[in-house]
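Enquirer: Okay, sequence plus prediction incoming.
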Amino acid sequence: MNSEQLIETAKALIVHKKGILAADESGNTIKKRFDSIGIASTEITRRDYRQMLFETEEIYSYISGIILFDETIRQASSDGDSLVSKIAAQGIIPGIKVDKGAKPLAVSHDETITEGLDGLRERLEEYYELGARFTKWRGVLSIGNNLPTPYCVETNAHALARFAALSQEANLVPIVEPEVLMDGDHSIDACYDATSYVLREVYDHLARQNILLEGTLLKPNMVLSGKDAINRVDAGQVAEFTVKCLLETVPAQVPGIVFLSGGQSDEEATVNLSAINQVAAEQGVPWQLSFSYGRGLQSAPLKAWAGSSDNLQSAQQSFYQRCKVTSLARQGLYNT
């Protein structure tokens, strides 16, 4: 393990003004996205769509890294060059999603465990050779009647720590993503309690497995009201609850926190990120607070592209604009 390299990569991913594009949608997820614009999900359409994003001029001003799916890291562009080379040409760091998705947790009630540890050491070695320099693993937890349970939290925290250890062994920076879903009608207090509990367990397991925190990033949910809550709180309260939660649970050695957009709309994810950075600046938090958005960056350009090369320029302009405003939010400067 090259500690110096891990620390340098982690710092590069959360450099000022920049964040991470999550372009690691699984086959099922990208199919749903393409269904929404009425085009078939094929190897060629997936390649063309992602190539459109990666070749958008000057996104390096706002994007530090891109998380890829297994298919994409192996894929050639329409001109024969690898898609990884398109990313690297902009000075952007390629990364890779390495988990195999959330599966039903045995002997539990509607909870999940993320799989993919079997054979991971060998896959990580290959991904490094293919150009990846960071990895991501997502654990999924729900809020509900007595959920999340200790059983679910602890098993997912253990898996996240095993993933992190194997990644660092392979000189890949692990992005640890314990997502507490916003699905449901719960209050922001319930989200705060669940998120705090999950993060404490995650960092306890990371410590037990000797993870170099300076060579990691955290990708958490924001502390939000449930999507179906009657009185959802505003961005100011989201920021206060989120920053308080993080200050109580995330060690100062972690260089950066890159929020997921989850089920938020583009606008909500942007407004909330800006408010969080404003509160964080006032309170002097020890980490960079950035973004690792998928839908939050891609929804608008996907609609603009609509599967047609005729729409390439307008789609890239839309993507560039989403990156720009999200960068402003990452600095606490976004105004609606």
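Expert: It's in.

Enquirer: tally of neighbours for the closest residue to residue 73 other than its chain neighbours?
Expert: Closest residue in space to residue 73, ignoring its immediate chain neighbours: residue 130 at 5.2 Å, by CB to CB, 6 or more residues apart in numbering. No exception for glycine: its C-beta is placed from N, CA and C like everyone else's. Using other CB atoms under 10 Å, residue 130 is surrounded by 15 other residues.

Enquirer: Touching, residue 130 and residue 72? I think so.
Expert: No: contact criterion CB atoms under 8 Å: residue 130 and residue 72 do not qualify, at 10.3 Å.

Enquirer: Which parts of the stretch 51-200 of the chain are helices?
Expert: Ranges of helices within the stretch 51-200 of the chain are 70-73, 83-89, 120-129, 150-169, 188-208, based on DSSP state H, counting those that start in this stretch.

Enquirer: ok, back up a step: the residue nearest to residue 73: what's it in contact with?
Expert: 73-74, 84, 96 (CB atoms under 8 Å, 6 or more residues apart in numbering).

Enquirer: For the protein, which segments count as strands?
Expert: Using DSSP state E, the strands of the chain run over 19-23, 63-68, 93-97, 102-104, 112-114, 134-141, 173-180, 217-218, 256-259, 288-293.

Enquirer: tell me what the fifth one is packed against?
Expert: I take that to be strand 112-114. strand 102-104, strand 134-141, helix 150-169 (3 or more CB pairs under 8 Å, 6 or more residues apart in numbering; DSSP states H and E).

Enquirer: Mind listing what's buried along the last one?
Expert: Read it as helix 150-169. Applying a neighbour-count criterion of 16 or more other CB atoms under 10 Å, one finds 152-153, 155-168 buried in helix 150-169.

Enquirer: hmm, back to that, can the helices and strands packed on strand 112-114 go into JSON lines with extra columns for mean pLDDT and distance to residue 125?
Expert: What follows is the helices and strands packed on strand 112-114, written out as JSON lines (pLDDT from 0 to 100; distance: least, CB to CB, whole Å):
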{"stretch": "strand 102-104", "mean pLDDT": "96", "distance to residue 125": "25"}
{"stretch": "strand 134-141", "mean pLDDT": "98", "distance to residue 125": "12"}
{"stretch": "helix 150-169", "mean pLDDT": "98", "distance to residue 125": "10"}
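
Enquirer: Indicate which one of the ones you listed is closest to residue 9.
Expert: strand 134-141 (6.2 Å; CB to CB).

Enquirer: what angle separates that closest one from helix 188-208?
Expert: On the basis of axes from the mean of the first three to the mean of the last three CA atoms, to 10 degrees, strand 134-141 is oriented at 130 degrees to helix 188-208.

Enquirer: contacting residues for residue 131?
Expert: So residue 131 contacts 73, 82, 84-85, 88, 94 (CB under 8 Å, 6+ apart).

Enquirer: Equivalent analysis for residue 325, please.
Expert: 270, 334.

Enquirer: Tell me how far it lies from residue 173.
Expert: 26 Å (CB to CB, to the nearest Å).

Enquirer: neighbours around residue 76, how many?
Expert: Around residue 76 there are 13 residues (other CB under 10 Å).

Enquirer: tell me the contacts of it?
Expert: Residues in contact with residue 76 (CB under 8 Å, 6+ apart) are 47, 82-83.

Enquirer: Select from those the one having the most neighbours.
Expert: For the contacts of residue 76, neighbours tallied by other CB under 10 Å; top is residue 83, 25 neighbours.

Enquirer: isn't that one right next to residue 54, touching?
Expert: Yes: contact status for residue 83 versus residue 54: in contact at 6.1 Å, counting by CB under 8 Å.
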